[in-house]
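> give me a model of this one.
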Amino acid sequence: MSLVSVIVPVYNVAEFVDSCLKSLLGQTYKDIEIVVVDDGSTDNTPEVCSEMSRRDPRIRVINQSNRGGSAARNKGISESRGEYVCFVDGDDIAHPKMVERLVRSLESAHADVACAGYEWFTSHYVPVDLPHESASCTFSAQAACSELLYQRIPNGPVAKLFPRVVLADVPFLESLRVGEDLLMNFDVFSRSAQVVVLEEPLYGYRQREGSTMRTVRTSDRRLVVEQLEHRVSPVLSDAFANRIFAEALYVAFEGRIAARSIRFLLHKYRRTVVKDSKSLVQLRIYALASYIGVSVPAVIHRWKARIR
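Below is the predicted model of the structure:
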């Protein structure tokens, strides 16, 4: 069996990290190491993690000053020993068969990367019953990058299995708090022969206030756009247009539509999004609405949020 390093970045998640680590210790795939990187927590997260590491030697705890989730993941990569690496956030829960199914699918498909889906929860996670065999699709590097840009493969680093040697060459950008996972995934997929995607949700993603996803800086979105534009290739130009338009929309939704750069991006890419049959339906609607006025998509977004 190949050793799998599960990297768990943690920051002030004392309330949740016990459940997270127990879900990893209970994996049906036993040849794992759990590398917990505490990113300068100010609650008793380090104590909870240290106590669990004393109970099970598969858990190693590494402490660092607060530098952000990307830096914590990069530290975990540099300290890991496994042939493969996967990531689990400290407030989430892994399906008991997550690692087993990822490894099995990767090896069966002779792929370099394996991806699975998420299941969202707020307080109580119940793992889904899995079929005996995993349903999956295998993509070439180009096709996988396309699926990622079209938002059909989730951005997040979680619920995925990566070769450690590749991750060491394409670390997370530590200057970003959002979008760094999209860029890392794109760079890893680009270096892969094949990527296998499983249909099953093998990961419990906790929704809670105060998470990184809910505290995003607009400047980060703009940096993500810059990074994406640096990576544009002719064969994936429509897929890049879709993703850059979506990132510009996120900024508009955050109330920054007046910025000239954002208005420029919406104007530049909306025609491609509207004409592209691969675009998400919702994204095409927003692109069409922008022809009425570039502020209209944000108005629609706020209206949808109110009626939910």
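> give me the three-state assignment for residue 208.
coil (DSSP: H, G, I helix; E, B strand; the rest coil).
> now swap in residue 37 and tell me
Three-state assignment for residue 37 (three-state DSSP): strand.
> pretty sure it contacts residue 62?
Yes. Using Cβ atoms under 8 Å, residue 37 is in contact with residue 62, at 4.9 Å. (Glycine included, C-beta is placed from N, CA and C.)
> so those two - more neighbours on which side?
Neighbour totals were compared for residue 37 and residue 62, and residue 37 leads with 27 against 17 (other Cβ atoms under 10 Å).
> hey, what's that one bridged with?
Beta-bridge pairing of residue 37 under DSSP bridges involves residue 9, residue 62.
> dump the residue contacts of it.
Each residue near residue 37 by Cβ atoms under 8 Å, 6 or more residues apart in numbering is listed here: 7, 8, 9, 10, 62, 63, 64, 72, 73, 75, 76, 79.
> circling back: got any residues that touch both of residue 37 and residue 62?
Common neighbours of residue 37 and residue 62 (Cβ under 8 Å, 6+ apart) are 75, 76, 79.
> can you redo the contacts of residue 37 as a markdown table with pLDDT and distance to residue 138?
Below are those laid out as a markdown table (pLDDT from 0 to 100; distance: Cβ to Cβ, whole Å):
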| residue | pLDDT | distance to residue 138 |
| --- | --- | --- |
| 7 | 98 | 25 |
| 8 | 98 | 28 |
| 9 | 98 | 29 |
| 10 | 98 | 33 |
| 62 | 98 | 35 |
| 63 | 97 | 39 |
| 64 | 96 | 37 |
| 72 | 97 | 31 |
| 73 | 98 | 26 |
| 75 | 97 | 32 |
| 76 | 98 | 28 |
| 79 | 97 | 31 |
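> the stretch 151-300 of the chain: helices as residue ranges?
Here the stretch 151-300 of the chain has its helices, by DSSP state H, counting those that start in this stretch, at 164-169, 180-190, 218-231, 237-253, 260-275, 281-292, 296-307.
> avg pLDDT for the first one?
The average of the pLDDT scores along helix 164-169 is 94.
> same question, the third one
For helix 218-231, mean pLDDT rounds to 88.
> report the buried residues of that helix.
The neighbour-count check on helix 218-231 (16 or more other Cβ atoms under 10 Å) flags 218, 220, 221, 222, 223, 224, 225, 227, 228 as buried.
> quick check: pLDDT value at the residue nearest to the third one when sequence neighbours are not counted.
It stands for residue 221. Of all residues not flanking residue 221 in the chain, residue 251 sits nearest, at 4.7 Å (Cβ to Cβ, 6 or more residues apart in numbering). Each residue has a pLDDT score; the one for residue 251 is 85.
> didn't residue 251 look like it was pressed against residue 220?
No. Between residue 251 and residue 220 there is no contact under Cβ under 8 Å: 9.7 Å.
> the contacts of residue 37, buried ones only, as a ChimeraX selection?
In ChimeraX syntax, the buried subset of the contacts of residue 37 is picked out as below (16+ other Cβ under 10 Å):
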select :7,8,9,10,62,72,73,75,76
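> now the contacts of residue 37 as TSV including distance to residue 207?
What follows is these, written out as TSV (distance: Cβ to Cβ, whole Å):
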residue	distance to residue 207
7	22
8	19
9	18
10	18
62	27
63	28
64	27
72	21
73	21
75	26
76	24
79	29
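> looking at the contacts of residue 37, which is nearest residue 305?
Closest approach to residue 305 among the contacts of residue 37 (Cβ to Cβ): residue 9, at 29.2 Å.
> show me the strands in the stretch 51-200 of the chain, by range?
59-64, 84-87, 93-94, 113-121, 136-140, 160-163, 194-206 (DSSP state E, counting those that start in this stretch).
> show me where pLDDT drops low in this structure?
209-217, 256-259, 308 (pLDDT under 70).
> give me the most central residue, it.
residue 156 (0.4 Å; Cα atoms, centre = their mean).
> neighbours of the closest residue to it other than its chain neighbours, just the number please.
Closest residue in space to residue 156, ignoring its immediate chain neighbours: residue 181 at 5.4 Å, by Cβ to Cβ, 6+ apart. When neighbours are counted by other Cβ under 10 Å, residue 181 registers 21.
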